[in-house]
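**Q** Need the 3D shape of this:
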Amino acid sequence: MYMKLELIVLPVTDVDRAKAFYEQVGFRLDLDKAASEDWRAVHFTPPGSGTSIMFGTGMTSAAPGSAQGLYLVVSDIQEAHTELTGRGIEVSEVFHDAGGLLYHGHEGGTLTHALEGQGRLPGVHPERASYGSFLTFRDPDGNGWVLQEITERFPGR
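**A** Alright, predicted model coming up:
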């Protein structure tokens, strides 16, 4: 069987605020449709991605901000940092994970949370290893995104 992840539903409190944020990040707006006062769907796709996000009114019973660990892959983490901050998005500093390839930390509620105890070390991975460098940001509701630099994929990917 062949399965492909297509869509992730994000829980948000204010649809228009979330829409403005994801436009600011640079995601492509695909759809903004309201069928009634109780149901509205806003659909965005990150640049170059085959997977999209959707949020709106009447979309999910999940608590706003509860979506965490949403990964976006970039080819140059420092360039991504520069572009996002240039767009006015509050992002963490670039970091690498002390434990290996996958960031397993937790933000503790803010982007400026101390590095101690989180397994985060400042700067890009020392060997600039593919899968090794990260940055994070949150949408206005606190849904958490991780950008990961991948320059060469593992075999079979």
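**Q** Just grab the bridge partners of the residue in the chain sticking out farthest from the centre for me.
**A** Most distant residue from the mean C-alpha position of the chain: Ser36, 29.1 Å away (Cα atoms, centre = their mean). Counting by DSSP bridges, Ser36 is bridged to Trp39.
**Q** hang on, Ala20 in a strand?
**A** No - counting by DSSP: H, G, I helix; E, B strand; the rest coil, Ala20 is not part of a strand but helix.
**Q** pLDDT value on it, please?
**A** Ala20 is assigned a predicted lDDT (pLDDT) of 98.
**Q** what about it, neighbour count?
**A** 12 (other Cβ atoms under 10 Å). Placement of C-beta: from N, CA and C, glycine included.
**Q** which residues of this structure score low on pLDDT?
**A** In the predicted model, the chain carries pLDDT under 70 at residues 100-118, 157.
**Q** Which residue ranges of it form helices?
**A** 15-25, 77-86 (DSSP state H).
**Q** buried set for stretch 78-88?
**A** For stretch 78-88, a neighbour-count test (16 or more other Cβ atoms under 10 Å) marks 80-81, 84 as buried.
**Q** What are the contacting residues of that stretch?
**A** 24-26, 74, 91, 93-94, 124, 135, 137, 147, 149 (Cβ atoms under 8 Å, 6 or more residues apart in numbering).
**Q** No further queries at this time; thank you.
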